[in-house]
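> Just the structure for this:
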Amino acid sequence: MARPLSGSTARGVPRSGSSAGGGDAAAPAGRPRGSRDRGPQLPATGITVAVLAFVGVALLVGAAVFAGGSPGTPTTAPSGEALASGRPAPTQDTPGESPRASSAPSAEPSPTPAGPTELPLALVAPVTDLRQTVSLASLRKELAAGRVAVPCGVTALTLSGTPAAVDAATCVDASKITTAVRATRPRLGLLPAALVTPRVKVLRVGGADLFGSPSIRAKPYPLGATVKTPPASWVAFDVADVRTLISTGDTCPDRGVSHQTNTLGKGWDWALGGGTAKYTGIHMDRRFDGPDGNGWPVVDAVRSGNDGAVKKLISDAEITLNDFECPMTSSFRQHDTGTVFSIDPKVAPFLARNGIDAVTLASNHITDQGVGPLRETLALFKKNGIKTFGAGMNLAAAMKPAVLDIRGVRFAFVGFNEVPGSTPASATAAGVTWLTEANVRESIAAARKVADVVIAVPQWWPEYRANFTSRQKTQVQLFFDAGADQVIGHGTHWSGPSSITQDDRGFHVVMASHGNFLFGQDWSRQTQEGVIAEVTFVGSRVAQLRLHPYIMLDQAQANLTNPTTDGKFILDQVWSNSILK
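Down below sits the predicted model:
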């Protein structure tokens, strides 16, 4: 089952967005795709790994740069560029990587750097830690109090260029820091960035983050270390190899969303113009019985400023994925009630303006209005430069992967539905890709041929639950056995659990469901609240899964919540049901 995972990338290659076997529609005006394509270089600071120049030519062999070709065909990088990146040849010490065959001449193994070296360290915590950032002042206090696991071999630490306390006598072997931070104490640790895996959560340091979105990665990174003789695996990291994927939840902007944007005239951009919100109370809604027959708790909340924070979050990523469940059609009409939907065609350019790159159409509502509106939906997304998958005018089209090339690493998405409602596609009939073993194996095999990272995107049944079912666990294993790398699920209208596991191909992340995003259901806090998932890759290797909680206001507009206070409920719902190995 072992399959080489390509970790090298072509620096500076613009994102083509081309899918296998087809051309790409021009991006709409006002949507500068190219601005999100190039990953920032690590800012030039006192901790930059560029000081590895003295390591020698042997470290440079294998620091591959691809000139528009496949990530599996490396060439030797010019020495100046390799020295600027500080990235040595890939080794098997890199987490999740497997050795790759290469047509390039064989090189000697990279030696351990022979002398004091400066390199960035990531601040890590348990995956379930609710914090997103730690201030420099707080980190300095934690270090001084000995509450941070520091890897053995670190002889000095700096925070924004100022020395910070480090006690070599209480160090922890770098291979054990992940275990250490998952124990009761300490709750924080420092890891060489190259050793970060999804088993820990990277926290921002003073708002800077080596694993964050492009704009955040561009900030000067303040946390560095001096290491006397670091292993080669510690320095095998280049921030230019980082790529982020944002995934949003269930989207069907009819009913409450269309009421606000169209009926009340607020306009579509208002729907993704949300900022932050804070809770003012909780009351019982008795429209439905609830778990004890007495209704469901519902959150009362108000906006607290920061307009545009949601748009900034979802557009500031190399790829933004959306679960689009309902058909757009020129004959749409507003539905105030019911469960048969139609969507304003203006939504396609609206989503494009707000950074959406790809949408799964494998849902239980996409054929609500028949074949004609499905065809309209496909055409509208194509016209606006948004990739579609999971539905089509026949089964072959529905199973065709959506492929996006992000600086030389190709990401492929395939979608499946098992929620009753939509018509299953067949050889001669339009519809959705149904979640069957045959469809899963065939579509993932096709994606595997054209991509470095394959992501399965199921819409799961039953709805309105927060746990993994035994059937769902079996399906997840099917996805991985068929060759998928990661799973990003949708469709249950609640935020569902995650799993983080590892096998001989590396780490696998599963996000079961996100909750409602542009889909108004205000009868319970489980349907009001949701999470935006941020998945970070280093090359083709998954390195992080981090969640951003939000609440839907007016059944129409997502607003971010503080993860350590108001957002704690929905994050606890996710993590308490998750499988974290």
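> okay but I488 is in contact with M511, surely?
Yes. I488 lies in contact with M511 (CB atoms under 8 Å); the separation is 5.0 Å. From N, CA and C alone the C-beta is placed, and that goes for glycine too.
> got any residues that touch both of these two?
Here I488 and M511 have 247, 533, 535 as joint contacts, going by CB atoms under 8 Å, 6 or more residues apart in numbering.
> Domain parsing of the protein, as residue ranges.
43-95+111-237, 244-580 (automatic domain parsing).
> Check the offset of the longest one from the chain's centre.
Centroid displacement of domain 244-580 relative to its chain, using CA atoms, centre = their mean, to the nearest Å, is 12 Å.
> Quick one: end-to-end length of that domain, please.
In domain 244-580, first residue to last residue: 21 Å (CA to CA, to the nearest Å).
> Do you know the pLDDT at P78?
What the model reports for P78 is a pLDDT of 32.
> Ok, L52 next?
Looking at L52, its pLDDT is 34.
> count of neighbours near T248?
For T248, the count of nearby residues is 30 (other CB atoms under 10 Å).
> check which helix or strand covers it.
strand 242-251 (DSSP states H and E).
> mean confidence for that strand?
For strand 242-251, the mean per-residue pLDDT is 97.
> Now a PyMOL select for only the buried ones of the shared contacts of I488 and M511.
The buried subset of the shared contacts of I488 and M511, as determined by 16 or more other CB atoms under 10 Å, is captured in PyMOL by this line:
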select buried, resi 247+533+535
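> Looking at the shared contacts of I488 and M511, which is nearest T162?
V535 (33.3 Å; CB to CB).
> and that closest one, what is it in contact with?
By CB under 8 Å, 6+ apart, the contact list for V535 reads 244-247, 486, 488, 509, 511, 542, 544-545.
> May I see these arranged in CSV, with distance to V150 as well?
Listed next are these as CSV, based on distance: CB to CB, whole Å:
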residue, distance to V150
T244, 27
L245, 31
I246, 32
S247, 34
Q486, 31
I488, 34
V509, 27
M511, 32
V542, 26
Q544, 21
L545, 25
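> in the stretch 1-150 of the chain, which ranges drop under the pLDDT threshold?
Confidence mapping of the stretch 1-150 of the chain against pLDDT under 70 gives the ranges 1-115.
> and the longest strand for this structure?
Looking across the chain with DSSP state E, the single longest strand is strand 541-553.
> Paired strands for it, with orientation please.
Using DSSP bridges, the strands paired with strand 541-553 are strand 529-538 (antiparallel), strand 557-560 (antiparallel).
> Not counting the last one itself, show me its contacts.
The reference is to strand 557-560. 260, 270-277, 301, 303, 306, 309-310, 313, 517-518, 530, 532, 548-553, 567.
> What of stretch 158-174?
The list of residues contacting stretch 158-174 from outside it, by CB under 8 Å, 6+ apart, reads 45-47, 136, 139-140, 143-144, 146, 149-157, 180, 189, 191-192, 195, 205-206, 222-226, 234.
> Please narrow the residues you listed to those residing in helices.
Using DSSP state H, the subset of the contacts of stretch 158-174 located in helices is 136, 139-140, 143-144, 180.
> Out of those residues, grab the one that's most surrounded.
Counting by other CB under 10 Å, top hit in the ones in helices among the contacts of stretch 158-174: L139 with 22 neighbours.
> Now do the same contact list for that residue.
123, 148, 159, 164, 188, 205, 223.
> Next one: the second one from C171, what distance?
If I follow you right, that is V148. For V148, the distance to C171 (CB to CB, to the nearest Å) stands at 11 Å.
> Show me what the closest residue in space to L553 that isn't next to it in sequence bridges to in the sheet.
Using CB to CB, 6 or more residues apart in numbering and skipping residues adjacent in sequence, the residue nearest L553 is N559, 5.5 Å away. Beta bridges link N559 to I551, judged by DSSP bridges.
> What separation do you get for Q132 and T178?
For Q132, the distance to T178 - CB to CB - is 19 Å.
> And T474, by the same measure?
28 Å.
> With G355 instead?
To T178, G355 is 32 Å away according to CB to CB.
> do G224 as well
From G224 across to T178, the span is 20 Å (CB to CB).
> ok, now V148?
Distance, V148 to T178, by CB to CB: 14 Å.
> So these two - more neighbours on which side?
The neighbour count for V148 versus T178, taken as other CB under 10 Å, is higher for V148 (27 against 20).
> shouldn't the more buried one be in contact with V181?
No. Counting by CB under 8 Å, V181 is not a contact partner of V148; they are 9.1 Å apart.
> what touches both of these two?
Each of 188-189 lies in contact with both V148 and V181 under the rule CB under 8 Å, 6+ apart.
> For burial, what's the neighbour tally of A543?
Number of residues near A543 (other CB under 10 Å) recorded here: 29.
> From what I see, it and F211 are in contact.
Yes. Look at A543 against F211 with CB under 8 Å: they come within range, at 6.1 Å.
> Find residues that contact each of these two.
Common neighbours of A543 and F211 are listed as 196, 242, 536 (criterion: CB under 8 Å, 6+ apart).
> Pipe those into CSV and attach neighbour count and distance to I216 per row.
Shown next, in CSV, are these (neighbours: other CB atoms under 10 Å; distance: CB to CB, whole Å):
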residue, neighbour count, distance to I216
V196, 24, 15
V242, 26, 10
T536, 26, 11
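> closest to V347 among these?
T536 (28.3 Å).
> for the closest one, which residues make a bridge with it?
Listed by DSSP bridges, the beta-bridge partners for T536 are T244, Q544.
> Going along the chain, name the strands of the stretch 151-300 of the chain.
Ranges of strands in the stretch 151-300 of the chain, per DSSP state E, counting those that start in this stretch, are 154-159, 162-164, 188-192, 200-205, 223-227, 242-251, 276-285, 296-305.
> and the angle from the fifth one to helix 136-144?
Read it as strand 223-227. Orientation check (axes from the mean of the first three to the mean of the last three CA atoms, to 10 degrees): strand 223-227 against helix 136-144 gives 30 degrees.
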